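J.: When you get a sec, could you give me coordinates for this:
(2 chains)
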Amino acid sequence: DTAVSQTPKYLVTQMGNDKSIKCEQNLGHDTMYWYKQDSKKFLKIMFSYNNKELIINETVPNRFSPKSPDKAHLNLHINSLELGDSAVYFCASSQLAGGPWETQYFGPGTRLLVL
Amino acid sequence: AQKITQTQPGMFVQEKEAVTLDCTYDTSDQSYGLFWYKQPSSGEMIFLIYQGSYDEQNATEGRYSLNFQKARKSANLVISASQLGDSAMYFCAMKGGGSNYKLTFGKGTLLTVNP
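T.: Numbering: from 1, shown residues only, chains lettered A, B, ... in the order given. Okay, the predicted model is just below:
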């Protein structure tokens, strides 16, 4: 069984559209994250939820809205997509949020291309 | 603020040889964790190894070991007996303690293993 899964794996869409990416983890973890990997492979945190509560909200355009219906799921909705949103979006999870020992396990990534 | 520096954009190694990937970090936290992830060309992020700031021994996981030098703020990844499948992007990351929930990543090192 896949520990952290994301759908879709690939997403090609037109500028101005609204799209969602879904993430599910079956590890029983309390904390989930969204990271963005840009074209230069740099990874940066976007959001994090701990047991459905938002705990990290980095400087991200408000066109991006995360939603956590339960602690096993974290979705990312993007409104009015722009060319610069093209990137790979990774979902990750960890047992808990705090503690420097908390290993984050990543999903396979969603490759978003905005045309 | 936390910072991770990986100074080697690319590295080459012969199959069966050992290779060291450099990582230096900067943080004001007393307690922190250091992580290495592997990203093959297929794109997923694979957790390799973890080192805690208070761990007295260097971490090892199979062919991976972490050369942790706290005073120099370095956490180099050593891969022994390189295999062709080790060719990938390698990211060093750190996580602070307390309410610092996010992983801060370096820019990565692209390792190529030659036959």
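
J.: so what strands line up beside the helix or strand of chain A with the lowest mean pLDDT?
T.: Lowest on mean pLDDT, DSSP states H and E among the helices and strands of chain A sits strand A:53-57, with a mean of 89. Looking at strand A:53-57 with DSSP bridges, its paired strands and their directions are strand A:43-50 (antiparallel).

J.: rewinding a little: which residues are in contact with the least confident helix or strand of chain A?
T.: A:T31, A:Y33, A:I45, A:M46, A:F47, A:S48, A:Y49, A:P66, A:S68, A:A97, B:Y101, B:K102 (Cβ atoms under 8 Å, 6 or more residues apart in numbering or on different chains). Every C-beta, even on glycine, is put in place using the N, C-alpha and C of the backbone.

J.: most surrounded residue in these?
T.: A:Y33 (28 neighbours; other Cβ atoms under 10 Å in any protein chain shown).

J.: helix/strand/coil for that residue?
T.: With DSSP: H, G, I helix; E, B strand; the rest coil as the basis, the three-state label of A:Y33 is strand.

J.: Distance from the least confident helix or strand of chain A to the middle of the chain?
T.: How far strand A:53-57 lies from its chain's middle: 12 Å, per Cα atoms, centre = their mean, to the nearest Å.

J.: is chain A contacted by stretch B:81-88?
T.: No: no part of stretch B:81-88 sits close enough to chain A to count as contact by Cβ under 8 Å from any Cβ of the partner chain; the gap is at least 11.3 Å.

J.: ugh, wrong one, I meant stretch B:93-111
T.: Yes: using Cβ under 8 Å from any Cβ, we find that stretch B:93-111 touches chain A at B:93, B:95-103, B:105, B:107-108.

J.: Can you show me the strands along chain B?
T.: Per DSSP state E, chain B carries strands over the ranges B:3-5, B:10-14, B:19-21, B:24-26, B:32-39, B:46-52, B:60-61, B:64-69, B:74-79, B:88-96, B:103-105, B:109-114.

J.: Residues touching the longest one, excluding its own?
T.: Applying Cβ under 8 Å, 6+ apart, the set of residues contacting strand B:88-96 from outside is A:41, A:43, A:100, A:102, A:104, B:2, B:4, B:6, B:21, B:23, B:25, B:27, B:29, B:31-41, B:45, B:48, B:75, B:77, B:101-106, B:108-111.
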